[in-house]
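In: just to be clear, the model below is a prediction. Sequence and coordinates:
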Amino acid sequence: MLKQSLTNTNSVENKTQNLETIGVIGIGKLGLCFALNLDRVGYSVIGVDVSQTYVDALNTKAFSSYEPGVNELLKASKSFTATTSVKVMLQSEANLIFLMVATPSLPDGSYDHSQIERVADEILSAGKSEIKRHIVIGCTTMPGYCNTLAEKMGEFNYEVSYNPEFIAQGSILHDQQHPDQILIGEADAAAGYTIEKVLRAIASTSPTVCRMDRLSAEIAKLATNCFLTTKISFANSIGDLAVKSGADPEKILEAIGSDSRIGNRYLQYGYGFGGPCFPRDNRALKKFAENADASLPISEATDKINQQHLEFQFEQAMKQHAVDQEITFDGVAYKSGTVYLDESQPLALAVKLAKAGRRVVIRESKKVIEEVEVRYPNLFIFEER
């Protein structure tokens, strides 16, 4: 049953009084930011990653990231250490362990849990834990998976909870510090309180805390992002309709968003949704619905609309630009200010136009230009920012 925690910032400790130790397995883009935020508010953090070179760079503070704020927090860190050994982490006093490994998409749209399984097997290979330990899954999973994992880990004195992140590349640290909500699929009430205490310590705001069972939380995570993709697709559909009929898309959407029941966030006319989360969560929820013998046509429709909007943008650009006219893209990352190209809609449009014979100029950072050139050699003209 969904329940909102009644605790508030005043009733939950915002700082750790004794230097508690927390483990973070998987210190990539997301996990590293989380580990550094934990260190920032006074926790002792042991991070685990598979690459010795990467771990050495973190420990010597020689690592450099494009993610805003990471380099500064790493240099300022006081109690963050990294290792390649899960067993070393288990020898510490950490009884709260966040697992933030990758869960890539499978061809059918579901999530691949193999990296979680690999870590779980490595943990269990150390035998039954002498102390009660709590594994918190911070990566996105298919609904029902965390219950299956909890059964597997239970007899070894491990309990499992689910706590997905609602963040965006390019603002991960900020998003962790300023969450709208904290979603917890708790093993039990005590576990939920412990997770809430830690996350409230990181937060600079007073977010809504939603604590529930693991399965409900897994569905809630996917459904939240699916709603946002639906809102984006709706906005672009109305915008396309306005353009075709000679109306003003921005004014129409501004009017719609002024209704307090709707709101203006994610209701702007522009590129379709992309990135590492929205498209994948949308497809994963559709797949889960199919497995549960339930109908969820809105997920399929949202994907379809996203593709139709790309085609509409392509047709409009072809009409508006002469054959010998350069078409300039001021950024092709999926989100402005980032360097990530995961399902980028601006890049998809640029590719379609270039393959249609148009001269396409991409104005971007050096890192993005290098990645685009690897993916699409000799297709674009580049201008480095």
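Out: Great, that's in hand. Numbering: from 1, shown residues only.

In: quick one: the nearest residue to Leu379 once chain neighbours are set aside and Ile369, what's the gap?
Out: Leaving aside its sequence neighbours, Leu379 sits nearest to Ala354 (CB to CB, 6 or more residues apart in numbering; 4.8 Å). Where C-beta positions appear, they are placed from N, C-alpha and C, glycine not excepted. Ala354 sits at a distance of 14 Å from Ile369 (criterion: CB to CB, to the nearest Å).

In: give me the contact list for stretch 116-124.
Out: By CB atoms under 8 Å, 6 or more residues apart in numbering, the residues outside stretch 116-124 that reach it are 25-26, 86-87, 90, 99, 101, 103, 135, 137, 139, 141, 145, 149, 152-153, 156, 158.

In: alpha carbons only: can I get it in PDB?
Out: Output of stretch 116-124 as PDB, limited to C-alpha atoms (Å, rounded to 0.1, in the frame of the first residue of the first chain):
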ATOM      1  CA  ILE A 116      23.000  -7.100 -10.200                       C
ATOM      2  CA  GLU A 117      23.000 -10.900 -10.100                       C
ATOM      3  CA  ARG A 118      26.800 -10.900 -10.600                       C
ATOM      4  CA  VAL A 119      27.300  -8.600  -7.600                       C
ATOM      5  CA  ALA A 120      24.700 -10.600  -5.500                       C
ATOM      6  CA  ASP A 121      26.600 -13.800  -6.200                       C
ATOM      7  CA  GLU A 122      29.900 -12.200  -5.200                       C
ATOM      8  CA  ILE A 123      28.300 -11.000  -2.000                       C
ATOM      9  CA  LEU A 124      26.900 -14.400  -1.200                       C
END
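
In: pull out the buried residues from that stretch.
Out: For stretch 116-124, the buried set under the neighbour-count rule, 16 or more other CB atoms under 10 Å, comprises 116, 119-120, 123.

In: wait, the residue nearest to Leu379 sits on Val360?
Out: Yes: judged on CB atoms under 8 Å, Ala354 makes contact with Val360 at a distance of 4.3 Å.

In: tell me which helix or strand Tyr271 sits in.
Out: Following DSSP states H and E, one finds Tyr271 outside all helices and strands.

In: list residues touching both of Ala354 and Val360?
Out: Looking at what touches both Ala354 and Val360 (by CB under 8 Å, 6+ apart), the common residues are 379-380.

In: could you chop the protein up by domain?
Out: 14-212, 214-309, 321-385 (automatic domain parsing).

In: in a markdown table, list these along with mean pLDDT and distance to Glu315.
Out: As requested, these are exported to a markdown table (pLDDT from 0 to 100; distance: least, CB to CB, whole Å):
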| stretch | mean pLDDT | distance to Glu315 |
| --- | --- | --- |
| domain 14-212 | 95 | 28 |
| domain 214-309 | 96 | 10 |
| domain 321-385 | 95 | 10 |
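
In: re earlier: quick check, nearest of the buried residues of stretch 116-124 to Ile327?
Out: Of all the buried residues of stretch 116-124, Ile327 sits closest to Ile116, with 43.1 Å by CB to CB.

In: tell me where the chain has helices.
Out: With DSSP state H, the ranges of helices along the chain come out as 29-40, 52-59, 70-76, 86-90, 114-124, 145-154, 172-177, 189-202, 214-245, 249-257, 278-291, 297-320, 345-355, 366-375.

In: tilt between the first one and helix 52-59?
Out: What that stands for is helix 29-40. On the basis of axes from the mean of the first three to the mean of the last three CA atoms, to 10 degrees, helix 29-40 is oriented at 30 degrees to helix 52-59.

In: which elements pack onto helix 29-40?
Out: Applying 3 or more CB pairs under 8 Å, 6 or more residues apart in numbering; DSSP states H and E, we find helix 29-40 packed against strand 21-25, strand 44-48, helix 70-76, strand 80-83, helix 172-177, helix 189-202.

In: so who does the residue nearest to Leu379 touch?
Out: Applying CB under 8 Å, 6+ apart to Ala354 gives the contacts 360, 376, 379-380.

In: what's the most buried one of the helices of the chain?
Out: Highest mean neighbour count of these: helix 29-40, a mean of 24 (counted as mean count of other CB atoms under 10 Å).

In: what does that one rub up against?
Out: Helix 29-40 is contacted from outside by 22, 24-25, 27, 45, 47, 49, 58, 65, 67, 70, 73-74, 76-80, 98, 100-101, 138-139, 165, 167, 169, 172-173, 176-177, 198, 202, using CB under 8 Å, 6+ apart.

In: swap in 6 Å and give it another go.
Out: The contact list for helix 29-40 (CB atoms under 6 Å, 6 or more residues apart in numbering) reads 22, 24, 27, 45, 47, 73, 77, 79-80, 100, 172-173, 176, 202.

In: which member of the residues you listed is positioned nearest Asn225?
Out: Relative to Asn225, the closest of the contacts of helix 29-40 is Ile172; by CB to CB it sits at 15.7 Å.

In: follow-up on the earlier one: would you list the helices and strands packed on helix 29-40 in a markdown table and tack on distance to Asp324?
Out: A markdown table is the format used below for those (distance: least, CB to CB, whole Å):
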| stretch | distance to Asp324 |
| --- | --- |
| strand 21-25 | 54 |
| strand 44-48 | 53 |
| helix 70-76 | 44 |
| strand 80-83 | 54 |
| helix 172-177 | 42 |
| helix 189-202 | 54 |
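
In: understood, closing this out.
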